[in-house]
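>>> got a predicted structure plus its sequence, pasted below:
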Amino acid sequence: MAAERLFIFDCDGVLVDSEPLAAKAYVHAYAGRGLTIGPEVIAECIGMKQADIFTRIEQLTGVVFPAAHADDIWKVTKDIFTEELQPTPGITEFLETLDRPRCVASSSSIERILHSLTLTKLLPHFEGSIFSSSMVKRGKPAPDLFLFAAERLGYAPQDCVVIEDSPFGVQAAVAAGMTVLGFTGGGHSSPAHAAQLRAAGAELVFAGWPAIAAWRRANGL
């Protein structure tokens, strides 16, 4: 008999359609400090934790955000999310029919994850099973967060199914030795998105939750 699987969900771009809003928040926060970056720069940072995003933006553009004002990012993001954040299409129905253990493992802060899931009414599906990159030493693409979540919930890596929208997240799950499904159903998806996830190591890539639900049924998961 096959072992029970743990479904591990990324949050941004998987559970909630937040990536375009987060990009807008970074652009606005940087502009508020007299700095200019474009949303295409933020697209290069999807899946990273905030400290790594600052570093990556500096590497790509030479623009340095003042460390003393790092909280600006969350303040602007929170306001934008409160006004505009929506769940990804079909996720509510998917979770309502998922009769398997599940958790969230996200590069975002716990505060941001909770805010996002509360706004979109998804929190009841994950209470007590939320993990942030702030809980581990290394963020994605390192495997630390996924391994930490699996260990805390008592699952071996090979018994975990990770659903990710970013190449960094896919790389992290592959490094953790888990089954990885790529997800391109968010508003930030581009024509090259699926190929990028496959190149990062995703076993399969799905454009929406109905397709993942069908895959789960077909595989008895």
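In hand now; what should we look at? Numbering: from 1, shown residues only.

>>> what's the burial count for residue 114?
18 (other Cβ atoms under 10 Å). For the C-beta atoms, the positions are set from N, CA and C on the backbone; glycine is no exception.

>>> just the element for it, please.
helix 110-119 (DSSP states H and E).

>>> and the contacts of the worst-scoring helix or strand of the chain on mean pLDDT?
Across the helices and strands of the chain, mean pLDDT, DSSP states H and E gives its lowest value to helix 39-43, namely a mean of 83. With Cβ atoms under 8 Å, 6 or more residues apart in numbering as the test, helix 39-43 has contacts from 20, 22-24, 26-27, 53, 57, 60-61, 188.

>>> and the closest residue to residue 28 other than its chain neighbours, which of the three is it?
Leaving aside its sequence neighbours, residue 28 sits nearest to residue 76 (Cβ to Cβ, 6 or more residues apart in numbering; 5.2 Å). Of the three states, residue 76 takes helix under DSSP: H, G, I helix; E, B strand; the rest coil.

>>> same check on residue 205?
Residue 205 ends up strand, using three-state DSSP.

>>> start at 43, not 1
Right, with 43 as the first residue, what we last looked at is residue 247.

>>> number of residues surrounding it?
19.

>>> after the helix or strand containing residue 138, next one along is what?
For residue 138, the enclosing helix or strand under DSSP H and E is helix 133-139. Going down the chain from helix 133-139, the next helix or strand is strand 144-148, by DSSP H and E.

>>> what segments of this protein are strands?
Secondary structure of the chain, counting by DSSP state E: strands at 48-51, 144-148, 172-174, 202-206, 221-225, 246-248.
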